[in-house]
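Asker: What follows is a predicted structure for the sequence shown.
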Amino acid sequence: MNPSNPSLPNIRIGQGFDVHAFGDGDHLMVGGVRVPHERGVLAHSDGDVALHALCDAMLGALALGDIGRHFPPSDPQWEGADSRAFVRHCSRLLAGQGWRVGNADITVICEKPKIGPHAPAMRAAIAEDLDIALDAVSVKATTTERLGFAGRGEGIAAQAVCLLVRA
Ligand SMILES: Nc1ccn([C@@H]2O[C@H](COP(=O)(O)O)[C@@H](O)[C@H]2O)c(=O)n1
Ligand SMILES: C[C@@]1(CO)OP(=O)(O)OP(=O)(O)OC[C@H]1O
């Protein structure tokens with residue numbers, strides 16, 4: 001039973017999804033890790049799709065809106081921002097309401113670059129920012145078999161799901 005609202009359970013679930021188009025550049029930020037690539041992304045912040053999807057999952061679990069509400073693209077303070085700061089901010093928001101992330105699972109969707117070799121570092125960064133165990137954070141990747149915008153190499157996407165438990 002949820003003490004603040006008996007009609008709600010003591011666990012919550014959230015999901016998030018984000019896309020960024022590729023642009024000029026020589027690296028991507030994904031899961032808080034710098035990944036060398038022949039393209040960059042077009043974004044207001046550092047354009048980290050994995051962390052943006054995770055933030056939306058965390059916010060969604062408590063019906064707190066979305067990343068654009070908390071970090072408006074019109075606000076110059078977020079220009080070039082490190083998306084790890086967004087994750088830490090969302091984590092503090094949850095903690096303020098008595099919740100923490102129980103586990104999170106992220107899927108990065110792109111034809112290139114290969115995400116697998118960087119996944120351990122991404123998991124470590126996310127676990128550190130959420131202050132949870134490494135085995136509570138999963139980062140996976142898939143291509144779209146050359147179909148659609150990701151398959152044509154036009155951009156990168158990520159989806160995330162997270163479970164919240166009482167802190
Ligand atoms: N950007 C990516 C895409 C895929 N992987 C890894 O390759 C495996 C096979 O991908 P398919 O899309 O052909 O199923 C996938 O399971 C990942 O392990 C990757 O590292 N980076
Ligand atoms: C992260 C923010 C920050 O201004 O901008 P972008 O980096 O463009 O990323 P997006 O996924 O479009 O989310 C909106 C904004 O909150």
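Answerer: Now that the structure is in, tell me what you want to look at. Since the model is a prediction, treat every value here as computed from it, not as a measurement. Numbering: from 1, shown residues only. Ligands and ions are numbered 1, 2, ... in the order given.
Asker: can you tell me which residues contact P73?
Answerer: Listed by Cβ atoms under 8 Å, 6 or more residues apart in numbering, the contact set of P73 reads H44. Just so you know, the C-beta spots here come from the backbone N, C-alpha and C atoms, and that holds for glycine as well.
Asker: With adjacent residues omitted, what lies nearest to Q15?
Answerer: Spatial nearest neighbour of Q15, excluding adjacent residues (Cβ to Cβ, 6 or more residues apart in numbering): V161 at 4.8 Å.
Asker: what's the answer for A124, then?
Answerer: Distances taken as Cβ to Cβ, 6+ apart put L134 closest to A124, at 6.4 Å, once the chain neighbours are dropped.
Asker: For the one you found, grab the count of nearby residues.
Answerer: 12 (other Cβ atoms under 10 Å).
Asker: rewinding a little: the residue nearest to Q15: how many residues sit nearby?
Answerer: 19.
Asker: May I have the beta-bridge partners of it?
Answerer: Assessed by DSSP bridges, V161 has beta-bridge partners Q15, D105.
Asker: Now do it against ligand 1, distance only.
Answerer: 17 Å (Cβ to the nearest ligand atom, to the nearest Å).
Asker: Helix, strand, or coil at the most centrally placed residue in the chain?
Answerer: What sits nearest the mean C-alpha location of the chain, by Cα atoms, centre = their mean, is L51, with 2.3 Å. What DSSP: H, G, I helix; E, B strand; the rest coil gives for L51 is helix.
Asker: ditto for P113
Answerer: What three-state DSSP gives for P113 is coil.
Asker: cool, and V35?
Answerer: strand.
Asker: Tally up the residues packed near it, please.
Answerer: Counted with other Cβ under 10 Å, V35 comes out at 19.
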